[in-house]
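In: Pasting a predicted model and its sequence here:
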Amino acid sequence: ESKGTIKLGGLAPLTGNYAEYGKGFQIAWQMAIDEINANGGANGYQLSIDVKDTQGDPVVSSTMATSFAEDDEIMAILGDFSSGACKANAPIVDRYGIVQLSPTASAPDYAGMSPYCFSIMGRQDKEAPFLATYVLKKYLGVSKVAVIRVDSDWGMAAFNNFKAQADIEGLEVIEEKYKSDETDFSSIITKVKATDPEVLVVMDQGLPVSAIFNAADSAGWDIQHLALGPGTSEQLLEQLINPDNLIVTSPFFFNPEDATLTAWKDEFNALAGFQPTVHPACAFDTAYLIKTAIEAIGDGEITREAIRDALQNIDMNGLTGHIQFEEAGDITRDYLICGVVDGNWKVLEGFDYSK
Amino acid sequence: MAEQTLTRVPLLEAQGICKYFGGLKAVDHVDMTICQGDIFGIIGPNGAGKTTFFNICTGIFTPTQGRIFFCGEDITAMSPEAVAQKRIARTFQNLQLFKFMTVLENVKIGCHIKTKSNMFDAILHTPTFKRDEAFTTEKSLEILKRIGLFDFRDTLAGNLSYGMQRKVEIARALALDPKILLLDEPAAGMNPLETKALMEFIQALNADGYTIAVIEHDMKFVMNSCNRILVLNFGQKILEGTPAEVKTNPEVQSAYFGKGMVAGEAIR
Amino acid sequence: MSKPMLKVENLSVHYGYINALSDVSIEVNEGEIITLIGGNGAGKTTTLMSVSNLVEKSGGRVLFREEDITNKAPDKIVKLGISHVPEGRKIFPQLTVYENLIAGTFGKPKMGKQKIEALVEENYVLFPRLKERMKQTGGSLSGGEQQMLAIARGLMMDPALIMLDEPSLGLAPIIVEEIFTLIAKIRDIGKTVLLIEQNASMALSIADRGYVLEIGHVTLTGTGQELLVNPEVKRAYLGV
Amino acid sequence: MEYLLNQLVNGICQGSIYALMAIGYSVIVGVVGMVTFTYGEIMMIGAFGAFYSFQFFGNNLALAIVMAFASSFLLGIVVYKVCYERFFNAPRHIALLCTIGFSMLMKNLVQIVFGPEQKPMINIINNATYTLRLGSVAVDFKLLQIVVMLLVILFAVSLTLFFNRTRWGVALRAVSQNKQAAYMMGINVKRTAMLGNCIGCGFGGIAGILLSIYYYTVSSTIWGNFSMKAFSASVLGGLVDLRLSALGGLCMGIIENLGITISSATFRDVFSFAFLIVILVIRPQGFAAKKGSRV
Amino acid sequence: MSKVQAFYHKHRTILLLAVFAALCVLPFVVTKALFVRYACNILLFATLAGSLNAINGYSGQMCLGQAGFFAIGAYVCAIFSTRFGVNFWLLLPISGVFAAMVGLLVALPTLKLQGIYLSIVTLGASEIIRIIAQTWEPVTGGALGIKNIPYPWLFGLDTFRPKYYYFIFLLIGVLFLLVTNRVLKSRVGRAWISIREDQIAAKSLGVQTSFYKSLNFMYGAFWAGVVGCAYAPFVNYIEASQFSTDTGFNVLAMIVIGGQGTLLGPILGSMIVTVLTESLRFLDNWRYVIYAVIIIMMMWLRPQGIAGASHSVLAGGKIKRKPVRREGARSHG
Ligand SMILES: Nc1ncnc2c1ncn2[C@@H]1O[C@H](COP(=O)(O)OP(=O)(O)OP(=O)(O)O)[C@@H](O)[C@H]1O
Ligand SMILES: Nc1ncnc2c1ncn2[C@@H]1O[C@H](COP(=O)(O)OP(=O)(O)OP(=O)(O)O)[C@@H](O)[C@H]1O
Ligand SMILES: [Mg+2]
Ligand SMILES: [Mg+2]
């Protein structure tokens, strides 16, 4: 017996440069909700989600966030994709008292902007130092690295966090940045190559990551590749000429031996027509988080406030691992060091940063 | 015909004007003096450099060599707008009207240099602005009445017939209150009747004290209205003189009039 | 002189709400010079434009050598051998003089290289000015030179019928004389000319026949000589 | 020294890609007489045409190029019908807005039809690097870069000859200058303009496939920036002169990469736009000779 | 003149006041904050489009870089209000002046350029502005942007709510219309239009085209700056990507759709574009496809824009000539 429907608002860049990710969100959310509803709903409530296109534009995102916040039937907002958009929405959700649960916002200052802001991506100020300390220093044992990064809010925060830790670790860092729509990296590669680093680190997602490594390869530069951002993306593997010397850090890995994960991955692929990255997996988990929160409220009245409180105290094992929010509203993840072996992702080392 | 005054005061003077386009000598060492009260004709075969010469006088081209003086002042290197400020007005061989403005607005632009209200005057509607607007409207309407376009003041200039468009150009130029008016083929495309009316109008203007320089291929027009004529050929001056002198000059005859079938009775 | 070469039957043209032509009928016989005269805005240009099918007709037919060309595509009409020298020159400003002349030959796609060169030379003889300006762009020519170029370009396709719209506009008297001599010459080699002129007396004196247009109607027709002495024409168009 | 030379080579390579795009762009502008903002999408369709050709007909480069040319050519017909044909007599900004609209349409339609993700392009041209040694200095070239450069020279020269030396070329240029007069010359204006537009688009398609091979990817989003570069390059060349447009593209590539060498890649567009502005301030017609315009 | 126009001219003042009154009560009638937000967007973009129209529509320069001037205004406001706590109302004119200065900087070197050459330069300038905003971290916050821009004071009303912020946009919009209307109907406005119509003729009549072109650019940029200044606190968070060329194209689309060279056009254009983009949301990713199709269709059906007269320059084709009675024209007075 159903107690009624709880409506959620979804914010995702369905068009524009990030459309690929937005699409992934939309599909993952729907998958999760269909699954939840089919299994009797969240504590008897059916869930539904209304996904609005934010075009990857913070301003549109705030307009949409306002519209959800204004709509009393919407109980929580999932999304948006970028930290920038999420941060733009923070004052609004704070004001209206509605949860904004982002699958992917990783800017360290985002979740703290309001008690209603949450994210499950893991904070950049954790992953980037992890890269410096564990991957570069301990795992690879190098002392001079070149970082090529996208000049976006994400890239900037990632690099700053990395740099701070790298200084502590005594790493020599060479930085080059580029605009997010950059396509030609040959001159950056030539420039970086001239400084003769031991490792080439790329901080970005999507196309530029492969473009940079490919440019390095075709310049005949044999160097260890390292990426922060794309995670264990299948697409990345397809796009690389020579994927074998790539190492990434990732909070999450589609372990081929894990049957649930593989099934999920295949289902997603069938629906979307492309391989999932970590981002839709996180989106999937956000929907389950709401379900868990509703269950935690139990027989109490389902209000926005109640959902917030329940989320804050949640303890759940999702697709992407164990999720428990910290005071600010974000989580600390365990990171993995993954690499490519015979054309497939493999976990090279697992570290728990918190230790 | 304009009366010839005994003391002729030079108004527009050209000294050794040359204009070369690459190797092409469009105007080559031309001297000219237009005096106060003249109707000054410029004729010559096609491509002789007449329009180019006008363009130099009005600052659209700077000459390769030579100087232009207006009322004794050197205006050679001045920009077209600065030349216009000196009150030299012109019309164009291929009409350059503000086609999508009404006839009245066209003429009002002509009043631009006679007024000086700026943006702040306009925003605040200061007395200067009110005075300027009143002056502009009054003056423009007066000119339109005189030239016979009053009834068409609210028509878009581009909607008028060819002949009337030519008149709008003249009206617009008159709004400058010019000391000299340069007309480039004003009668082109008009039939003999309309040409005659235009000629009378120009003579009337001259009688009112306007000095006029005109380029024309219509010999009846030139011979009957101009008191002095400059003849150019291949950029060079063949002759400057009275209509009578021009009519009888053999060089002009062979280079320009031909057998006289077209120039007809005007030159005989 | 058997069948008319070009026949315009009851032609009407409207521009928006203006009736530019109503019920105009004109016949042009092979080997004739026909002239249209009339005041500004009488509809002369419009008549030529509708023969070339460059304006929309609201009624009537146009026949060329008994073929109905009322709704034929403009470029196809040209290819039948009708050359139109437009009012206001309409030369191609960024093409050189030579290229402008070449552009004139598209009406005869099969014309050979030699024939083209011969025609170009012919035109250079006719208008030596153009030869001097051969490499200059059309747009930099003087008004009269552009007019010469427009006429020369019209002659380039060696047409059966040439329609000239105010060819003497802006030309020096000596050139105008030459143009008229040329028109007569064209007729003498068996071609046909349809001529519009402001200089009515010149036009009528070489024309075989003429039509007088007034506000979109044909009001008078006759041989050139007849019209030349017609008092009405004299008063209105000859300015005497 | 070697470092700078290598950067110069990078610049020349990037510049020749710009040049290749600019050639197609200039053909369009030169014939249609109006600028376009859908050029990026035209290149994209070319790239997709090639992508699917690889998918369905195997790794046949020649076939893929033909497909790229053909798909862009066909899109050219649509662009012509939608954006230009009706607006020849209207002020330019109307056709311009139509092309902006069409670009938006294509971008989103492609995203829906082919999916929003970036697709890996087959790396069909051997990626071998050739090192040129000048004494102690070694400069690296990739095969693809050499192919692009050769194509630029080939297209620029042959198309210029075609436009300036053949009657067809004269007709194409005449059409852009005065449609009515072109009719009076017996030119089938609509067909000619369309054909010219399509040829330009076809070359855009070829630029698209080379671009996507060069960067190993096809997607619906990366092209906007490139079309801007093609536009700038062809403005530098005076809009209609193919060789000068190619030169403009080359210069922009070099300036950008040298700029990146001395500062940062984030300023790439600043360098090229600043270069464009400086040139236009000095020479309002770009590299082209001053036009003989007059009153 | 149509009946509508005649009616309008007769009761102009009353009609305008009525419209203004209706606009004033609007946010109280429309209770949904989202719709009020849309209304804010419409007003905001109407004024921005108006400022572009002042350049493109009147002096005929084809500027594509309005996003740049808009950005200047927004950043000036954001920087001064977050760093130095300068009052919003003081910042409005200051932002305008900053933008106007940049407008002058763009205009001065480009005075000789026309048409498409000018377009690409203005487009480039706006991109350069955006890239500088994106990279100049110490001042503009770089890619992080500037957040928490304080909401302006408005008689103690809570301007966080679109309902009240609306009045700031309304005020600016109305001011813009009043001032622009006056400027256009003056010697200055006529000079601008004459430049659009025929520069050589304008020069030959003594209009200093360089001066008026620069002035025109400054005027358009000024208002774009003012609007930018009002925009920054409204969205509360600005970063460079909000001022991309797409924003510029959008504004261009508004004036072309609404009717370039008319005062009403940008307002209508802004309404149409905003309403369309918002109301088509249900189409998901088909939205932009349909939106683009509608834009193109509008160009097909009404190239001169909704508010453009059918005899307008923009109607394309030839000028329609009115029947002219020839007798009246003969006399020379
Ligand atoms: N911008 C230019 N570039 C090259 N040549 C030019 C330019 N302007 C004019 N000319 C040439 O200069 C010569 C003089 O031209 P101009 O227009 O002064 O002649 P015109 O006497 O007015 O002739 P018309 O009576 O035919 O109008 C012409 O041969 C023309 O080709
Ligand atoms: N494109 C147009 N749109 C509207 N009306 C037009 C157009 N072209 C011509 N007209 C009108 O049609 C009528 C006939 O014009 P047309 O050009 O045929 O006259 P014309 O006899 O050639 O005159 P002119 O001696 O001035 O060349 C005129 O009243 C004119 O105003
Ligand atoms: Mg001349
Ligand atoms: Mg005519």
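Out: Cool, got the structure. Everything quoted here is computed from the prediction, not taken from an experiment. Ligands and ions are numbered 1, 2, ... in the order given.
In: CA only for contacts and neighbour counts going forward, please
Out: Noted.
In: ranges for the helices of chain C?
Out: C:44-51, C:74-79, C:97-103, C:113-126, C:128-132, C:143-155, C:173-188, C:200-206, C:224-229, C:231-233 (DSSP state H).
In: actually chain D, sorry about that
Out: D:2-32, D:39-57, D:61-79, D:92-114, D:143-165, D:167-177, D:179-184, D:189-214, D:224-236, D:242-262, D:268-282.
In: what comes up buried for the fourth one?
Out: Just to be clear, that refers to helix D:92-114. Applying a neighbour-count criterion of 16 or more other C-alpha atoms under 10 Å in any protein chain shown, one finds D:92-111 buried in helix D:92-114.
In: quick check: mean pLDDT across it?
Out: Here helix D:92-114 scores 88 as its mean pLDDT.
In: same check, this time on the shortest one
Out: Averaging the model's pLDDT scores along helix D:179-184 yields 88.
In: element containing the residue of chain A found nearest ligand 2, please.
Out: Residue of chain A nearest ligand 2, by C-alpha to the nearest ligand atom: A:Gly16 (44.4 Å). According to DSSP states H and E, A:Gly16 maps onto no helix or strand at all.
In: so how many other residues sit close to it?
Out: 20 (other C-alpha atoms under 10 Å in any protein chain shown).
In: Just say helix, strand or coil for the residue nearest to it when sequence neighbours are not counted.
Out: Excluding its sequence neighbours, the residue lying closest to A:Gly16 (C-alpha to C-alpha, 6 or more residues apart in numbering or on different chains) is A:Gln55, at 5.3 Å. Using DSSP: H, G, I helix; E, B strand; the rest coil, the structure places A:Gln55 in coil.
In: Point me to the residue of chain B nearest chain A.
Out: The nearest approach of chain B to chain A comes at B:Ile123, 34.2 Å away (C-alpha to the nearest C-alpha).
In: got the contact list for that residue?
Out: E:Val179, E:Thr180, E:Arg182, E:Val183 (C-alpha atoms under 8 Å, 6 or more residues apart in numbering or on different chains).
In: For E:Ile193, see how far away it is.
Out: 17 Å (C-alpha to C-alpha, to the nearest Å).
In: try D:Val32
Out: From D:Val32 to E:Ile193 the distance is 28 Å (C-alpha to C-alpha).
In: More neighbours: which of the two?
Out: Shown here are D:Val32 and E:Ile193; by other C-alpha under 10 Å, D:Val32 has more neighbours (29 against 24).
In: Name the nearest residue to the more buried one, sequence neighbours excluded.
Out: D:Ser176 (5.1 Å).
In: D:Gln285 touches D:Asp241, doesn't it?
Out: No - using C-alpha atoms under 8 Å as the test, D:Gln285 is too far from D:Asp241 to be in contact (11.1 Å).
In: who's more crowded, the two?
Out: More crowded of D:Gln285 and D:Asp241, by other C-alpha under 10 Å: D:Asp241, with 24 against 21.
In: nearest residue to that one other than its sequence neighbours?
Out: D:Ser26 (6.8 Å).
In: And the residue of the stretch 51-200 of chain D that's closest to chain B?
Out: D:Pro91 (13.0 Å).
In: right, I mislabeled it, should have said chain C
Out: For chain C, C-alpha to the nearest C-alpha, closest residue to chain B: C:Ile174, 4.4 Å.
In: Would you mind naming what in chain C lies close to chain D?
Out: Proximity of chain C to chain D, by C-alpha under 8 Å from any C-alpha of the partner chain, involves residues C:52, C:54, C:74-79, C:83-86, C:90-95, C:99, C:102-107, C:137, C:139-140, C:154.
In: Residue 192: neighbour count?
Out: No chain specified, so I'll use chain A. Using other C-alpha under 10 Å: A:Val192 sits among 21 other residues.
In: nope, chain B please
Out: 23.
In: how much space between it and ligand 2?
Out: From B:Pro192 across to ligand 2, the span is 11 Å (C-alpha to the nearest ligand atom, to the nearest Å).
In: now E:Cys24
Out: 45 Å.
In: now chain A, which segments are flagged as low pLDDT?
Out: Applying pLDDT under 70 to chain A flags the ranges A:1-2, A:350-355.
In: which parts of it sit against chain E?
Out: So far as C-alpha under 8 Å from any C-alpha goes, chain A lies against chain E at A:14-15, A:52-53, A:57-59, A:62-63, A:66-67, A:70, A:84, A:88, A:151-153, A:156.
In: any idea how far C:Ile179 is from the residue nearest to the spatial centre of chain E?
Out: The centroid of chain E falls nearest to E:Ala49 when counting by C-alpha atoms, centre = their mean (2.1 Å). E:Ala49 sits 54 Å away from C:Ile179, going by C-alpha to C-alpha.
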